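>>> got a predicted model here, sequence first, then my questions.
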Amino acid sequence: MGVPEERYSKITNKNKREICLLKGFPCAWGKCTFCDYIEDNSRDGKAMAVLNRSVLKQVTGEFGALEVINSGSCFELPEETLSDIEKVVREKKIEKLFFEAHWMYRNRLDDMRKRMQIPIVYKIGVETFDNVFRQTVLNKHADFTCPEEVAEYFDSPCLMVGIQGQTKEMIVRDIECLKKYFLLGTVNVYNNNTTSIRRDEELVAWFMKEYRWLLEDPAVEVLYEITDFGVG
């Protein structure tokens, strides 16, 4: 997977916001079996800070909301970049931030809220609430046992559908949990990449038919292609 070229975009259909794809240090876990996104990171903090600043300069504040993503968690962004985000929040009058963090950072979320001094919507890559599939097949290193536990810390789970070995029953339960315990969520339809995890075309076709109504649900964003947010 090459380094993403598009790093700034606007999301205008649901939960309007600007979105920036920044570069961070390597994902602290980095062992999920389906992920080759970790190539978009670096250990050169200064170079990353320069790149990230050029991306953040494109933020206008027109929606009052900004999402910042990187190939890991927001806590893996360079310190200089976090300071730049603070500055953008103040100067562009951002009222809401969207960040993503791994389960391992669940006890640090409030520290970032205090730092940014505005509401933060925290996303988490759950992939599935089926504990065995998540831990043994996807190797997520996220040992929660129920959606209620996730909802204690995070606001918006990211689910993944259409993976070989996944079942319709798993997906039905995942969507039920998303709608029952969370106000927002994202569903990623899996696309083959350089990993050995493969897409189940029949399962994808079933999902897109069975859950077409999610496309109209204002609280759920369905990403059929990994670049549907306009970055990556």
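Now that the structure is in, tell me what you want to look at. Numbers count the residues shown, from 1 in each chain.
>>> only C-alpha atoms from now on, for both contacts and neighbour counts.
Will do.
>>> please enumerate the helices of the chain.
45-56, 79-91, 109-116, 131-132, 147-151, 168-181, 201-210 (DSSP state H).
>>> what mean pLDDT does the last one get?
In other words, helix 201-210. Mean pLDDT, helix 201-210: 96.
>>> try the shortest one
Looking at helix 131-132 alone, the average pLDDT works out to 97.
>>> pairing partners for the longest strand anywhere in the chain, with directions?
The strand spanning the most residues in the chain, taking DSSP state E as the definition, is strand 120-127. The pairing partners recorded for strand 120-127 under DSSP bridges are strand 96-100 (parallel), strand 156-161 (parallel).
>>> which stretch among the ones you listed comes nearest residue 34?
Closest to residue 34 of those is strand 156-161 (Cα to Cα; 10.4 Å).
>>> before we move on, the earlier item: ok, which of the helices of the chain comes nearest residue 32?
Short answer: helix 131-132, nearest of the helices of the chain by Cα to Cα, at 13.9 Å.
>>> mind putting the helices of the chain into a markdown table with distance to residue 123 and mean neighbour count?
Shown next, in a markdown table, are those (distance: least, Cα to Cα, whole Å; neighbours: other Cα atoms under 10 Å):
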| stretch | distance to residue 123 | mean neighbour count |
| --- | --- | --- |
| helix 45-56 | 20 | 17 |
| helix 79-91 | 17 | 17 |
| helix 109-116 | 11 | 14 |
| helix 131-132 | 18 | 14 |
| helix 147-151 | 10 | 16 |
| helix 168-181 | 12 | 16 |
| helix 201-210 | 22 | 14 |
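>>> out of those helices, nearest to residue 16?
Of the helices of the chain, nearest to residue 16 by Cα to Cα is helix 79-91, at 16.1 Å.
>>> per-residue confidence averaged over the closest one?
On average, helix 79-91 scores 98.
>>> now for residue 212, how many residues are close by?
Residue 212: 12 surrounding residues under other Cα atoms under 10 Å.
>>> re the thing from before, for the longest strand of the chain, the distance to its chain's centre please.
6 Å (Cα atoms, centre = their mean, to the nearest Å).
>>> what does stretch 115-130 give?
Centre-to-centre, stretch 115-130 and its host chain are 8 Å apart (Cα atoms, centre = their mean).
>>> just stretch 90-102 next, same as before
For stretch 90-102, the distance to the chain centre is 14 Å (Cα atoms, centre = their mean).
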